[in-house]
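Participant: have a look at this prediction, sequence included:
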Amino acid sequence: MKRYGIDALGAMAQGLFCSLLIGTIINTLGTLFHIPFLQATVATVAGTDYTIGGLAMAMSGPAMAVAIGYALKCPPLVLFSLVAVGFASNALGGAGGPLAVLFVAIITAEIGKMVAGETKVDILVTPFVTIGVGVFLSWLLAPPLGKLAMLVGNVIMAATELQPFLMGIAVSVLVGIALTLPISSAAICAAFSLTGLAGGAAVAGCCAQMIGFAVISFRENRWGGLVSQGIGTSMLQMPNIVRNPRIWIAPIVTSAITGPIATCVFHLEMNGPAIDSGMGTCGLCGQIGVFQGWISDIEAGARTAITARDWLGLILISFILPAVITPVVNAICRKAGWVHDGDMKLA
């Protein structure tokens, strides 16, 4: 569970961040501020023009696979061979490519490690086996895994459209919990292509956890804790949650409140990269993703402008409501004797 469900999944999210997410941000900066260097075509491959950001985005499959191999401590020849495997599985997996990369890269990495260093011609055998097995598994597994991921994601998004209140609560709470647990909410959202209204609920849940913990632990952790949790990660509280799970009540209750507010009141949608749905306020990626979605919608003709109500909803859901609601719920928990001074002190 730790090796594949925590280490590999978390590494995959880092690979996504260093390719798809950062590439999207670079493209957005170029478009918003009209920076010629960031908007210029730097390479043309098979008739497709690529900007700097576009090249980074195109490398998401290899980046995820290599990150997973690194987390699994693959020897160099296996690690480098995963570049081709990641590209194949992500391409064949379609929109559900990240989930395909996760499974294929894990299996291929373990098989590659079995043969690495076992022969005198290791430099030939290891990449041959790793790439051969990986591409075969990509051909065999990536299409159905990609379709499964898309099916699950589409069901969640369709259910959120039909039942925005109940699904707003469910998605917000579950993705928020995943954010604080030592697994990757960003990778989960990316794997299931969680965007739209469901993506907005996911953003709300993540922000409730990060801003919530940052604010209610301020007396113990001061400004350093506010920054490290508010724009870093609420996962820092995991050791304290193990010691006293009741400190988690306030952020979870807050996410159950802000989720349906996001879906029913402000109709907050994440139409940027799906990975941003699970980022919350980490580096403000959730907010940047929502903004990127607004820009994309304008370019596609789905909306005419970004309104004051859009900004109000994003700011309230991301920052103000978690900073107000979480301390109120936490005060009730303190009064009940469930939470005490020092329970949320970071090491």
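Facilitator: The structure has been received and is ready for your questions.
Participant: helix, strand or coil for the most centrally placed residue in the chain?
Facilitator: For the chain, the residue nearest the mean C-alpha position is Ala186 (1.4 Å; C-alpha atoms, centre = their mean). With DSSP: H, G, I helix; E, B strand; the rest coil as the basis, Ala186 sits in helix.
Participant: that one against Phe17, yeah?
Facilitator: Yes. With contacts counted by C-beta atoms under 8 Å, Ala186 reaches Phe17, the gap being 7.3 Å. Yep, even glycine has a C-beta here, placed from its N, CA and C like the rest.
Participant: export the helix or strand Ala109 falls within as CSV, just CAs?
Facilitator: Under DSSP states H and E, the secondary-structure element containing Ala109 is helix 97-115. Provided in CSV are the C-alpha atoms of helix 97-115 (Å, rounded to 0.1, in the frame of the first residue of the first chain):
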residue,chain,number,x,y,z
GLY,A,97,-3.6,8.2,-19.7
PRO,A,98,-2.3,9.0,-16.2
LEU,A,99,-4.1,6.0,-14.7
ALA,A,100,-2.6,3.8,-17.5
VAL,A,101,0.9,5.2,-16.8
LEU,A,102,0.5,4.4,-13.1
PHE,A,103,-0.3,0.7,-13.7
VAL,A,104,2.0,0.1,-16.6
ALA,A,105,5.0,1.9,-15.2
ILE,A,106,4.7,0.1,-11.8
ILE,A,107,4.6,-3.4,-13.5
THR,A,108,7.3,-2.6,-16.0
ALA,A,109,9.6,-1.1,-13.3
GLU,A,110,9.4,-4.2,-11.2
ILE,A,111,10.0,-6.5,-14.2
GLY,A,112,12.9,-4.4,-15.3
LYS,A,113,14.5,-4.5,-11.8
MET,A,114,14.3,-8.3,-12.0
VAL,A,115,16.6,-8.5,-15.0
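Participant: which residues sit against the lowest-mean-pLDDT helix or strand in the chain?
Facilitator: In the chain, no helix or strand scores lower on mean pLDDT, DSSP states H and E than helix 22-32, which sits at a mean of 82. Outside helix 22-32, the residues that touch it by C-beta atoms under 8 Å, 6 or more residues apart in numbering are 35, 37-39, 51-58, 60, 272-273, 288-289, 291-292, 295.
Participant: ok, and for it, which residues are buried?
Facilitator: Neighbour-count burial for helix 22-32, with 16 or more other C-beta atoms under 10 Å as criterion, is recorded at 22-28, 30-31.
Participant: and if you look at stretch 34-51?
Facilitator: By neighbour count on 16+ other C-beta under 10 Å, the buried set for stretch 34-51 is 38, 50-51.
Participant: out of those residues, which are inside helices?
Facilitator: Leu38 (DSSP state H).
Participant: and the buried residues of stretch 34-51, which is closest to Ala191?
Facilitator: Tyr50 (24.7 Å; C-beta to C-beta).
Participant: now do the same contact list for the residue nearest to the closest one when sequence neighbours are not counted.
Facilitator: Spatial nearest neighbour of Tyr50, excluding adjacent residues (C-beta to C-beta, 6 or more residues apart in numbering): Ala43 at 4.7 Å. Contacts for Ala43 (C-beta under 8 Å, 6+ apart) come out as 49-50, 55.
Participant: cool, and Met279?
Facilitator: 185-186, 203, 206, 285-286, 289.
Participant: okay if I get those as a markdown table plus secondary structure?
Facilitator: As requested, the contacts of Met279 are arranged in a markdown table below (three-state DSSP):
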| residue | secondary structure |
| --- | --- |
| Ser185 | helix |
| Ala186 | helix |
| Val203 | helix |
| Cys206 | helix |
| Cys285 | helix |
| Gly286 | helix |
| Gly289 | helix |
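Participant: just the closest of those to Phe87, please.
Facilitator: Nearest to Phe87 out of these is Ala186 (C-beta to C-beta; 20.8 Å).
Participant: what's around the residue lying closest to the closest one once chain neighbours are set aside, how many residues?
Facilitator: Using C-beta to C-beta, 6+ apart and skipping residues adjacent in sequence, the residue nearest Ala186 is Gly278, 3.9 Å away. Neighbours of Gly278 under the rule other C-beta atoms under 10 Å: 31.
Participant: shouldn't Gly278 be in contact with Phe192?
Facilitator: No. With contact defined as C-beta under 8 Å, Gly278 does not reach Phe192; the gap is 9.9 Å.
Participant: from the chain's centroid, how far away is stretch 195-215?
Facilitator: Stretch 195-215 sits 12 Å away from the centroid of its parent chain (C-alpha atoms, centre = their mean, to the nearest Å).
Participant: in that stretch, what's buried?
Facilitator: 195-215.
Participant: then stretch 107-115?
Facilitator: Neighbour counts using 16+ other C-beta under 10 Å place 108-109, 111-113, 115 of stretch 107-115 among the buried residues.
Participant: and stretch 334-347, by the same measure?
Facilitator: For stretch 334-347, by 16+ other C-beta under 10 Å, it's 334, 338-339, 343-344.
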